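[1] predicted model follows, preceded by the sequence.
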Amino acid sequence: MPDDLKIKKLRSDEAKLAKELFTFFQIDDGVENPTQASEEYLTKLLERPDFHVVVAIENGVVIGGLTAYELLKYKSETTEMFLYEINVAATHRRKGVASALIEFLKETCAEKNIKSMFVLAEADNLPAVRLYEKSDAEGFQAIEFDFEFE
């Protein structure tokens, strides 16, 4: 892991960094024309205590990050963390950055007394599968069904 790497959760006054990360997510996913919510909307989102944007910064540049949501469960009075998206710049992969981001989120879970976390990965995304297995997660196969509304 790079010596000058800083991992931190973004605050509501850091919407510009969130935009930078969200644009990176889209470009890395092959989106030709990335879209962005307004800075006002992102500020409101970052104010939410149940939404997490964690970034990895090296030399003042965002090199990766993740987003996660706290989900209230209905069968018991508990919360589960949903790791929604994680990505690291190609130049910094396989250097421990993604693992550091996950460990930061696991520490956040411990601080908030959240006892479980989950993430979805496509079965053929072997780097992601190996990352999650290395991070002590147990995998199982599932089928995702998406609903689109106009």
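    Received it, and whenever you're ready, just let me know what you need. From a predicted model like this one, the values you see are computed outputs, not experimental measurements. Residues are numbered from 1 along each chain as shown.

[2] what's the helix or strand for the residue nearest the centre of the chain?
    Among the residues of the chain, the smallest C-alpha distance to the mean C-alpha position (C-alpha atoms, centre = their mean) belongs to Leu66, namely 2.0 Å. Assigned by DSSP states H and E, Leu66 falls within strand 61-72.

[3] check which helices and strands that strand is in contact with.
    Contact analysis of strand 61-72 by 3 or more C-beta pairs under 8 Å, 6 or more residues apart in numbering; DSSP states H and E lists helix 15-28, strand 51-58, strand 79-88, helix 97-111 as its packing neighbours. Every C-beta, even on glycine, is put in place using the N, C-alpha and C of the backbone.

[4] let me know the outermost residue of the chain.
    Farthest-out residue of the chain from its mean C-alpha position, per C-alpha atoms, centre = their mean: Glu150, at 26.6 Å.

[5] that one and Val61, how far apart?
    Computed as C-beta to C-beta, to the nearest Å, the Glu150 to Val61 distance reads 38 Å.
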